[in-house]
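Student: This is the structure alone, sequence omitted:
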């Protein structure tokens, strides 16, 4: 391999969601090592991993135990598909996940990532309703600005027009309702409970508009990622659950980011007190040490597929991979042994209050989120909540903020999918010292960003 990793990366590595031209005459940041809550580049510089890789490395970097588990499993059984066959680690992991999942969510369909899990849930919903004699129920409702993945079905469910436009036409039948961004609520902005009822009722209005006999499922993240960490208002999910039951519509809890401790519970629906019909998950299941995802399904939905010659005609070569399943089990053991979920619950208030200090800056309009999952919305005017225009977003968010945060030792996300936000989701082992370090870097860089507006 070439000694110049950066040039080789530009020449051969097509990076995901990356404006490749930006690296034509500048080095590609190259990360070579991780330890705890920190990562190190090829020059030896240390950075706070303020995004847990990509909302993934929940147990932290450098867990030798997980690497050794992968090594041992690869020696014993490196690969075998779960297409009409089982292997011990997939069976054991399915049992563990079913045990953590609420209600009767006892069937686990493995994938290799989150987008595939979402794709699985939509396909399963469509076929389920065909099997139970309601073949016209195939549409889905999701929320504006929400991100649900890149496969064509998952991308259709995604509520970000800019991400979809290059690939249209997409899968028909995916419709949108408002999200729970109370900071920019069109109504009831000063009453969270009333706003939550309104937002949930907009889902029902969409179901009724399309015709309840045509709608199969509603896809919702417990805390919506894109747009900057929108938590649910009080009572929101309970009302959505009632609406779905009333119209025989499945509720899918898309927990690709929110599961496995990000909010302090193994599954985030537990934190907000609702039982979905399916849970989609991935990322934190192995803390990123090996790729895996899953769609966890209720017994009620699975029942017709377990009858006669009915078959769910769907699968992935690497779904339930032995190495990934073994690593996931070892990762869950770390969660249990070290009490990582409880650590998040114990520390989430401190994380929030540390980030809230930034509200004294004129550029910070809102701090929102839950657990170890927060967004900071940037504004031009705190009173009017005026946001950046297109030129300012390009110049401040991409031209300055992203690079400056990294150069100052903080890896996180500055994003404009929705309004301009900085997103933070550190490994679940983070403590007050890490929170303070994050706040100091943000304060320095955001203060300078304000002078450039």
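Tutor: All right, it came through fine. Everything numeric here is computed off the predicted structure, so don't read it as measured data. Numbering: from 1, shown residues only.
Student: need the helices for the stretch 101-250 of the chain, in chain order.
Tutor: Secondary structure of the stretch 101-250 of the chain (DSSP state H, counting those that start in this stretch): helices at 114-131, 152-157, 161-164, 192-210, 236-246.
Student: pLDDT score for residue 22?
Tutor: As predicted, residue 22 sits at a pLDDT of 88.
Student: what about it, neighbour count?
Tutor: Each residue near residue 22 was counted by other C-beta atoms under 10 Å, and the total is 14. (C-beta placed from N, C-alpha, C; glycine too.)
Student: secondary structure class for it?
Tutor: Under DSSP: H, G, I helix; E, B strand; the rest coil, the three-state class of residue 22 is helix.
Student: what about the stretch 201-350 of the chain, any weak spots by pLDDT?
Tutor: Applying pLDDT under 70 to the stretch 201-350 of the chain flags no residue at all.
Student: all strands of the stretch 51-200 of the chain, in order?
Tutor: 105-111, 139-143, 174-177 (DSSP state E, counting those that start in this stretch).
Student: which other helices and strands contact the longest one?
Tutor: Same thing as strand 105-111. Packing partners of strand 105-111 (3 or more C-beta pairs under 8 Å, 6 or more residues apart in numbering; DSSP states H and E): helix 88-100, helix 114-131, strand 293-298, helix 299-302.
Student: same question, the last one
Tutor: Helices and strands touching strand 174-177, as assessed by 3+ C-beta pairs under 8 Å, 6+ apart, comprise strand 139-143, helix 192-210.
Student: now do 10 Å
Tutor: strand 139-143, helix 152-157, helix 192-210, strand 215-220 (3 or more C-beta pairs under 10 Å, 6 or more residues apart in numbering; DSSP states H and E).
Student: who's in contact with the residue lying closest to residue 285 once chain neighbours are set aside?
Tutor: In space, and not counting its chain neighbours, residue 285 is closest to residue 328: 4.9 Å by C-beta to C-beta, 6 or more residues apart in numbering. Contact partners of residue 328, counting by C-beta atoms under 10 Å, 6 or more residues apart in numbering, are 66, 69, 89-90, 92-93, 96-97, 110, 260, 284-287, 289-290, 292, 294, 320-321.
Student: let's go with 6 Å and repeat that
Tutor: By C-beta atoms under 6 Å, 6 or more residues apart in numbering, residue 328 lies in contact with 93, 285-286, 292.
Student: what's the answer for residue 61, then?
Tutor: By C-beta under 6 Å, 6+ apart, the residues touching residue 61 are 34-35.
Student: of the contacts of residue 328, closest to residue 81?
Tutor: When those are compared for distance to residue 81 (C-beta to C-beta), residue 292 wins out at 14.0 Å.
Student: Without its sequence neighbours, what residue ends up closest to the spatially most central residue of the chain?
Tutor: Of all residues in the chain, the one closest to the mean position by C-alpha atoms, centre = their mean is residue 257, 2.7 Å from it. Nearest residue to residue 257, sequence neighbours excluded (C-beta to C-beta, 6+ apart): residue 55, at 4.4 Å.
Student: Excluding sequence neighbours, find me the nearest residue to residue 9.
Tutor: Of all residues not flanking residue 9 in the chain, residue 28 sits nearest, at 4.2 Å (C-beta to C-beta, 6+ apart).
Student: thinking again about what came up before, which phi and psi does the residue nearest to the centre of the chain have?
Tutor: The phi and psi values for residue 257, taken as degrees, to the nearest 10, are phi -90, psi -40.
Student: just checking, it touches residue 224?
Tutor: No - the pair residue 257 / residue 224 is not scored as a contact, 9.5 Å apart, by C-beta atoms under 6 Å.
Student: show me where the stretch 301-450 of the chain has strands.
Tutor: Along the stretch 301-450 of the chain, counting by DSSP E, counting those that start in this stretch, strands occupy 364-370, 373-378, 410-411, 413-415, 421-424.
Student: looking at the ones you listed, which one has the lowest mean pLDDT?
Tutor: strand 413-415 (a mean of 88).
Student: Now do that strand: which elements does it pack against?
Tutor: Applying 3 or more C-beta pairs under 6 Å, 6 or more residues apart in numbering; DSSP states H and E, we find strand 413-415 packed against strand 421-424.
Student: for the strand it packs on, the distance to its chain's centre please.
Tutor: Chain-centre distance of strand 421-424: 13 Å, with C-alpha atoms, centre = their mean, to the nearest Å.
Student: still on that earlier bit, of the helices and strands packed on strand 105-111, which is nearest residue 247?
Tutor: helix 114-131 (12.3 Å).
Student: Any idea how many residues pack against residue 72?
Tutor: Neighbour count for residue 72, taken as other C-beta under 10 Å: 12.
Student: mind listing what the host helix or strand of residue 47 pairs with, with the direction of each?
Tutor: Assignment of secondary structure by DSSP states H and E places residue 47 within strand 46-49. Neighbouring strands of strand 46-49 in its sheet, by DSSP bridges, are strand 38-41 (antiparallel), strand 410-411 (parallel).
Student: I'd like the distance from the shortest one to the chain centre, please.
Tutor: Using C-alpha atoms, centre = their mean, we find the averaged C-alpha position of strand 410-411 to lie 19 Å away from the chain's own average C-alpha position.
Student: now swap in stretch 379-397 and tell me
Tutor: Centroid separation for stretch 379-397 versus its chain: 25 Å, with C-alpha atoms, centre = their mean.
Student: Buried residues of that stretch, list them for me.
Tutor: 379-380, 387-388, 392-393, 395-397 (16 or more other C-beta atoms under 10 Å).
Student: Then stretch 52-63?
Tutor: Under the neighbour-count criterion of 16+ other C-beta under 10 Å, stretch 52-63 has 52-53, 55-61, 63 buried.
Student: can you check stretch 125-135 too?
Tutor: Buried positions in stretch 125-135, judged by neighbour count with 16+ other C-beta under 10 Å: 125-131.
Student: between the strands of the stretch 51-200 of the chain, which one is nearest to residue 358?
Tutor: Minimum separation from residue 358 across those (C-beta to C-beta) falls at strand 139-143, 26.5 Å.
Student: distance of residue 447 from residue 362?
Tutor: 9 Å (C-beta to C-beta, to the nearest Å).
Student: err, residue 69, not the other one
Tutor: 49 Å.
Student: Between those two, which is the more surrounded one?
Tutor: Legend: neighbour count by other C-beta under 10 Å for residue 69 and residue 362, higher for residue 69 (23 against 13).
Student: ok, that one - contacts?
Tutor: 326-327, 330.
Student: circling back: mean neighbour count, the helices and strands packed on strand 105-111: which tops it?
Tutor: Counting by mean count of other C-beta atoms under 10 Å, strand 293-298 has the highest mean neighbour count of the helices and strands packed on strand 105-111, with a mean of 27.
Student: Each with direction, which strands does that strand pair with?
Tutor: Applying DSSP bridges, strand 293-298 is found paired with strand 105-111 (antiparallel), strand 278-281 (antiparallel).
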